[in-house]
Each structure stands twice: as structure tokens, then as C-alpha cells.
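Colleague: fold the following for me, if possible:
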Amino acid sequence: MPQDTLIGQVTDAQITEWKTKYKYGVYAIAVDDHIGYFKNPDRNDINCAMSKADKDKVLDVFEELANITFIGGSGEILKNDAMFIGASQELKVKLDGKKATLVNL
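Modeller: Alright, predicted model coming up:
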């Protein structure tokens, strides 16, 4: 029998509240039957995450970003290695930021 809701799923009212609270918005990452909610990172969040950069421990940046921006849902996404590795692929998109174009004048 399929599950109607994901583990950690919150109400639409909670999402609306978060959207009001976090000026850059929120997003969710679903892994297996779990869902976690994150605020979009600001410059300080990204700077803090990037401070963990180490060529020998690549995932540390994503782990720091996830911990800083996690606002609710299933914390298992952060604790379970297999789920976190899947989620980190989506977190990478947030570190990439918006596409910019260099315009020579």
C-alpha cells in the first residue's frame, strides 16, 4: 500500500510561514520516503559552508550547508549516509547560484 505522505512532511500552512520568514525562499528535498525542508542560502550561509572546503573531504561543504539551512522535516536525510549523499547532489545546485553572464564593455 503506497504511503500518502512522506516522513517529515509538513502542512501547507507551515510552508507558507517559512516562505514569509525566509526572504530568499524555501525548498524541499525528498529521498526515498523522507522529506526535508531547507531555506535558500544567503551569502553568509554559503561563506560558512565554503569555509569547510577541504580537498580530502569534499562532502563537508554540503554537510555544513545542509545543517545551516535545514528548517524542518525528516532529519534522517542529514543522518543517513545514503540519503545524505543523494541529497547532496541537490544541495550542489544551491551552491551554484544563479547563472550570470560577463558583459565586456
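
Colleague: and the contacts of the top helix by length along the chain?
Modeller: The longest helix of the chain (DSSP state H) is helix 81-96. Under the contact criterion Cβ atoms under 8 Å, 6 or more residues apart in numbering, helix 81-96 has outside partners 27, 29, 31-32, 34, 36, 38, 40-41, 46, 49-50, 59, 61-63, 65-66, 69, 76-78. C-beta coordinates here come from the backbone N, C-alpha and C atoms, glycine included.

Colleague: just the buried residues of that helix, please?
Modeller: Residues 83-84, 87-88, 90-91, 94 are the ones in helix 81-96 that count as buried (16 or more other Cβ atoms under 10 Å).

Colleague: nearest to residue 54, of these?
Modeller: Nearest to residue 54, judged by Cβ to Cβ, of these is residue 88 at 15.0 Å.

Colleague: how far away is the closest one from residue 49?
Modeller: Counting by Cβ to Cβ, to the nearest Å, the separation of residue 88 from residue 49 is 11 Å.
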